[in-house]
Structures are given as structure tokens and as C-alpha cells.
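A.B. asks: Kindly return the folded structure for what I paste below:
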Amino acid sequence: MQALSYKARAVIFFIAISVLSACGGHGSSSSNGNTTTSAGGINLQIVSFGDSLSDVGTYAPIASVVGGGRFTTNPGQVWTQDVAQYYGDTLSAAYTIDLTHKLSAQSGLGYAEGGATVATPANQSDFLTDVIGNIEMPVNQQISSYLGAHGSFNSNQLVLVWAGANDVLRAGALPAAAQTVETAATTLAQLVGQIIQNGATHVVVVNLPNIGLSPEGIAASDGGANLTQLSQLFNNSLNAGLQAAGLQTKVIQIDAYTWLNQIIANFQANGFTVSNTSVACDPAKTPHATALLCSPPTYVTANADQTYMFADELHPTTHLHTLFAQYVEKQIANSGLGH
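C.D. replies: Here you go, the predicted model:
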């Protein structure tokens, strides 16, 4: 048990980041309005479920004090925002946190929350608890919250689903970790089925990237081998679950695993000077060494958001998010939706 209450820790954290802000750490989040003509050739409303890789600002009310707000090189966007903009929409957070570590419902459709698993309750993990407490909704709860507020999905929506990384990161080592990872992947396939059963006709399902190739992975004693194997196991189990439920022809599958491998192998050709060997957010300057609290004053170089692949040990930089969004948009077009 923590000795301090969540509220007390929040106050302490607020004071600490206020001091950092006074030292020049303040920044702002970027936002984009709707466009009348979609670059994607079709106007779609975006709904997103998942974790920090897709979180558009759940924790921004606290993190913005130091110029943070998303798990990337702030004030840059994450891929879900880029995709929303491409289809003429603006994606904002469905819930935001306050200083008492409570989530408050907002009007946005970005349900993805940093720290979220597929279905494991937040209080069974230890994710930035000094900053946000244990409040992140797992994906099953995100979907339930959406349905409780909106009733159903519709054919004018593009639903983005990307989850499972936290399940892998918390599963431990093989072989004991296998059951946890397989269960998470199978559950995610079932949740995709729930989305489709409730009216969604355009659903994007992203598999896990090779987490073993993240800076955290390659710094591990095994060089990331365990995380690579768990990423593969999750993806194989997710594919099997989708196929068993007859869902593979009803979703647009995005192979983030192969895509990231290729980007890392050709990082310089994709505009990066540093691949997966270092991070854009200086750990000595960035509070908690997390991309959530990263901003230009904490970059290792002024253009690190464009020249590094990873913001911190796990999260993509602005440029990597941009490239991934473009890849997703191309796969969506290949499915026959928009261009």
C-alpha cells in the first residue's frame, strides 16, 4: 500500500511540476480542426480504443503543466489524431484526469488510455501511480463506457483498436507468461467482435509491434528476446481468435510488427538519424523519464521529435507516429475505403 493518499501525491506532484514549469519546461498541445474536404476522400468519425500508443490526452490536465500531455514528443500528435485529421475529424479524449486522480467524462471519442491493458483492472499494475494513480480503464471497460454513452456504433465511423502491449510488458518471462498473453489476445479478438456486433462496419485492428526492438527491449539482459517472443505469441493468438470468430474479413488488419521491423532496418531512409538505440526525451530532464511529461525543453536535441524513432523507452516520437498513420491510411485505402 502507498503511504500517501492519491490526493496528497497529486498535490505534491503538482507542486513539483509547477517548479519545473517555472524553470522553462512549459509548452502546449497542438490541435487541428475539421476540414470540409477530407484528404482521405471520405469523411469519417474516429473512435479509438487502446493504450498509451493511441492516447490523445487523458492525462493532459496534469501533464500539460510541464508541456506534456501525450505519450510522445509533445506537443506532437499521436497516430490516431493524424488518422482522424486525414478523414476530416478531430479526435479528443473521452475521459480526462483531475488532480484528485479521478476520471471525468468528456465529449471526445478517444477512449484509449495510457497504462491500459486489454481487460486487467488498473489496480493490478504499477503504472506512473505517483502521477495518475490507478484509474486507467482497460479496453473492455473503454468499450462498455462508449456503448453506455452512445448506444451503438455506425457506418460513418472508423473504429481504431490497438492494445496488448501492457499485457505483454507485465506478463513476465516465458514459459509462465504465455497463458497471460494468449488470454489477452483472445479477449481482444472477442472485444473486436463486440464492436462489430454493435454496429461498427469499419474497424481497424492493429497487432503489436516487436516490443523486443524498443529501447527497453534491447537494453534488457536478453536483448529483447522474451518481449519479441511474447509479441509474436500475442499476434498469433489475436489472428487465431479473429479467424475462429469469422472476423478477419470484417476488419482491416494492420501489421505493425512487420512495419516497425522494416522502419528500424531502414531508419535513415525514413528520415531518422537515431533508430531504436536511444531516446528523444532526455531522461535526466524529463520528469519520471516518461514521454507523457516530455516537451521541447527536455528533448536531447531541438529536432529530436523528427530525428529519433523513440520518445522514451517504449513510445514513438512525433515523426514515427506520422509515418505509422500514413501506413495505416494506405492500408485502409487498400481495403476499398477512401483513398
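
A.B. asks: For the rest of this, base every contact and every neighbour count on C-alpha atoms.
C.D. replies: Fine.

A.B. asks: show me where pLDDT drops low in the chain?
C.D. replies: Low-confidence segments of the chain (pLDDT under 70): 1-35.

A.B. asks: residue ranges for the helices of it, please.
C.D. replies: Counting by DSSP state H, the chain has helices at residues 6-20, 60-63, 79-86, 129-132, 139-150, 165-169, 178-197, 215-219, 225-244, 256-265, 304-307, 318-334.

A.B. asks: Format these as TSV; extra columns: distance to S54 and mean neighbour count.
C.D. replies: Shown next, in TSV, are those (distance: least, CA to CA, whole Å; neighbours: other CA atoms under 10 Å):
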stretch	distance to S54	mean neighbour count
helix 6-20	24	16
helix 60-63	14	21
helix 79-86	6	25
helix 129-132	17	21
helix 139-150	12	17
helix 165-169	12	24
helix 178-197	16	20
helix 215-219	19	19
helix 225-244	18	21
helix 256-265	13	16
helix 304-307	17	24
helix 318-334	10	20
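
A.B. asks: F272: which of these is closest?
C.D. replies: helix 304-307 (4.3 Å; CA to CA).

A.B. asks: one step back: I'd like the helices of the chain laid out as a markdown table, including distance to N123.
C.D. replies: What follows is these, written out as a markdown table (distance: least, CA to CA, whole Å):
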| stretch | distance to N123 |
| --- | --- |
| helix 6-20 | 13 |
| helix 60-63 | 20 |
| helix 79-86 | 26 |
| helix 129-132 | 10 |
| helix 139-150 | 14 |
| helix 165-169 | 13 |
| helix 178-197 | 17 |
| helix 215-219 | 23 |
| helix 225-244 | 23 |
| helix 256-265 | 29 |
| helix 304-307 | 32 |
| helix 318-334 | 29 |
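
A.B. asks: T100: which of the ones you listed is closest?
C.D. replies: helix 6-20 (4.8 Å).

A.B. asks: Figure out which of the helices of the chain is closest to R70.
C.D. replies: Among these, helix 60-63 comes nearest to R70, with 6.9 Å by CA to CA.

A.B. asks: who's in contact with the closest one?
C.D. replies: Among residues not part of helix 60-63, those counted as contacts by CA atoms under 8 Å, 6 or more residues apart in numbering are 14, 68-70, 96-99, 292-293.

A.B. asks: Mind doing that once more with 7 Å?
C.D. replies: Helix 60-63 is contacted from outside by 68-70, 97-99, 292-293, using CA atoms under 7 Å, 6 or more residues apart in numbering.

A.B. asks: Looking at these, which one is closest to A171?
C.D. replies: The closest of these, once distances to A171 are taken by CA to CA, is L292, at 22.8 Å.

A.B. asks: wait, the closest one sits on R70?
C.D. replies: Yes: the pair L292 / R70 is scored as a contact, 5.0 Å apart, by CA atoms under 7 Å.
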